[in-house]
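J.: Sharing a sequence plus its predicted fold:
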Amino acid sequence: MKFGLFYEHQLPRPWHERSEYDLLQNSLAQLEMADQLGYDYAWEVEHHFTEEYSHSSAPEVFLAAASQRTKRIRLGHGVIQLPTNHISRVAERVSTLDLLSHGRVELGTGEGSTTTEIHPFHIRYRDKREIWEEAIKALIPMFTQQGCEFDGEYIKFPLRNVLPKPYQKPHPPLWVACSNLKTIEMAGRRGMGALGFQFVSPEAATAWVNCYYNNFIKRPERLADYQPNPNIAMVCGFMCAETDEEAMEKAAGWTFFIFCLQYLSKHGYSEPGKLNMWDEYQEWRKTPKAVEALGTGLIGSPATIRDKLRAYEKTGVDQVILLNQAGKTTHEDICASLELFARDVMPEFHEREPEHAEWKAKVLAREIELEEIDTDPFGKFLGQPDEHLAASVGATELKRRLEAGEPAKRQGEAAY
């Protein structure tokens, strides 16, 4: 099993003059340390206009800085929002970062998550899945061809040679965001790595890992001529401390992350500068849901975390991505947590990585047949609010409903 770090660049209020400066500088220091400790991946999100929840609007700049402070850790876009970026600029920036990092880029893409982010770019929310699919088709040739053009419904691009070309050939490994579980099946069909959240149970993980690989192998529907990337990763809330009690005390950042997902899926953003997410969070953190959230993820002593990881290791998950930078978790606590995990937990799982790689090679060669497990009973990621997960109706289905004159929201579903 491999391990990554996940960065939202959360910044709860109140802010001071150096808040964003300190946030980015501390994150770079953490990644430099993580590189030396042997962590495998660093994933950086892209969000726009999402006060407090994420101040990561220019991930390519942050990752470029990280590329000069690190030597071996893989640098992942987790993810680039394709509908809100000009596709040739995506190719140019990704290729440049790949050259600067000596070929360490992982290219995760996604559709964008909220109208707050998408509408300012003159994109209709209901069109985002189709735009993402067109963008993939337009993007891939830009990495390899001396001249390419594209004439789609949403993307028009004249014949040009997009420069530079990436260091990795034919292109960096492709991933896709899986904000709901159904998109794991889609990621498998598309032949891309799946970036999702932690599963409710090892049984759920087994069902979805099997679903992913069976679709990857048996039901491929590639969008373009790209190099497939068979990988499934899950993001987990994380805090490692000497005792379970100490870890719980330091893990409030994870509950703030969960609160933000729930609050924004219900309410979105009001007038800029008026909403104070941290103040809103103070009441929620006393609720049973907040207490329950603390019991999820990888939060605890090294022994507790090892037990949880062993259960997920057996399911075939390729990578666990640790969400440590959240809420008001201090730089010192983040560093201490990363050091303790790297010393007392990570080596055991790194040692068994060759066994996992051998298992996966046999699965892909169909020497091992994975059971087709019904995933319907496992429709929820661990730690995510029901209101956020109900959005899994998906942009394509939403668009169909609206064009058919049906209500966008049905009973039991959250607005999408």
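T.: Alright, I've got the coordinates. Quick caveat: nothing in here was measured; it's all calculated off a predicted structure. Residues are numbered from 1 along each chain as shown.
J.: Ramachandran angles for G297?
T.: G297 has phi and psi values of phi 70, psi -170 when expressed as degrees, to the nearest 10.
J.: How about F6?
T.: phi -120, psi 130.
J.: Now for R343, how many residues are close by?
T.: 12 (other CB atoms under 10 Å). Every residue, glycine included, has its C-beta placed from N, CA and C.
J.: Contacts only, for it.
T.: Counting by CB atoms under 8 Å, 6 or more residues apart in numbering, R343 makes contact with nothing.
J.: what kind of secondary structure is it in?
T.: Put simply, R343 is helix when judged by DSSP: H, G, I helix; E, B strand; the rest coil.
J.: Report the separation between it and H48.
T.: 37 Å (CB to CB, to the nearest Å).
J.: which other helices and strands contact the top helix by length along the chain?
T.: What stands out as the longest helix in the chain, according to DSSP state H, is helix 19-37. Counting contacts by 3 or more CB pairs under 8 Å, 6 or more residues apart in numbering; DSSP states H and E, helix 19-37 is packed against strand 2-7, helix 59-69, helix 331-344.
J.: which of these sits most buried?
T.: strand 2-7 (a mean of 24; mean count of other CB atoms under 10 Å).
J.: quick check: mean pLDDT across it?
T.: When pLDDT is averaged over strand 2-7, the result is 98.
J.: Show me what that strand packs onto, helices and strands only.
T.: helix 19-37, strand 41-44, strand 74-81, strand 319-325, helix 346-351.
J.: Near I368, how many other residues are there?
T.: I368 has 13 nearby residues by other CB under 10 Å.
J.: Contacts only, for it.
T.: W359, K362.
J.: again, but for the one 5 residues further on
T.: When contacts are counted by CB under 8 Å, 6+ apart, I373 is found next to T206, A207, N210, C211.
J.: With neighbour count and secondary structure as new columns, can these be given to me in JSON lines?
T.: As requested, those are exported to JSON lines (neighbours: other CB atoms under 10 Å; DSSP: H, G, I helix; E, B strand; the rest coil):
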{"residue": "T206", "neighbour count": "20", "secondary structure": "helix"}
{"residue": "A207", "neighbour count": "23", "secondary structure": "helix"}
{"residue": "N210", "neighbour count": "20", "secondary structure": "helix"}
{"residue": "C211", "neighbour count": "23", "secondary structure": "helix"}
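J.: Between the helices and strands packed on helix 19-37, which one is closest to G196.
T.: Among the helices and strands packed on helix 19-37, the nearest to G196 by CB to CB is strand 2-7 (11.7 Å).
J.: can you map out the helices along the stretch 201-350 of the chain?
T.: 202-218, 244-250, 252-267, 277-284, 288-294, 302-313, 331-344, 346-351 (DSSP state H, counting those that start in this stretch).
J.: could you give the mean pLDDT of the last one?
T.: The predicted model assigns helix 346-351 a mean pLDDT of 98.
J.: Can you tell me which helices and strands it packs against?
T.: strand 2-7, helix 302-313.
J.: What score does L82 have for pLDDT?
T.: L82 is given a pLDDT of 98.
J.: Then the one 5 residues further on?
T.: Predicted confidence (pLDDT) for I87: 98.
J.: Quick one: residues contacting it.
T.: Per CB under 8 Å, 6+ apart, neighbours of I87: A135, A138, L139, M142, F150, I155, F157.
J.: Which members of these define the maximum pairwise distance?
T.: Across the contacts of I87 (CB to CB), the longest gap, 11.6 Å, separates M142 and I155.
J.: who's in contact with L264?
T.: L264 touches T50, Y53, T114, T116, counting by CB under 8 Å, 6+ apart.
J.: and if you look at C211?
T.: C211 touches I184, E185, G188, E372, I373, T375, counting by CB under 8 Å, 6+ apart.
J.: Can you give me the end-to-end span of stretch 98-117?
T.: The separation between the terminal residues of stretch 98-117, taken as CA to CA, to the nearest Å, is 27 Å.
J.: What are the buried residues along that stretch?
T.: 98-101, 104-114, 116-117 (16 or more other CB atoms under 10 Å).
J.: Mind checking which of those land in helices?
T.: Using DSSP H, the buried residues of stretch 98-117 in helices are D98, L99, L100, T116, E117.
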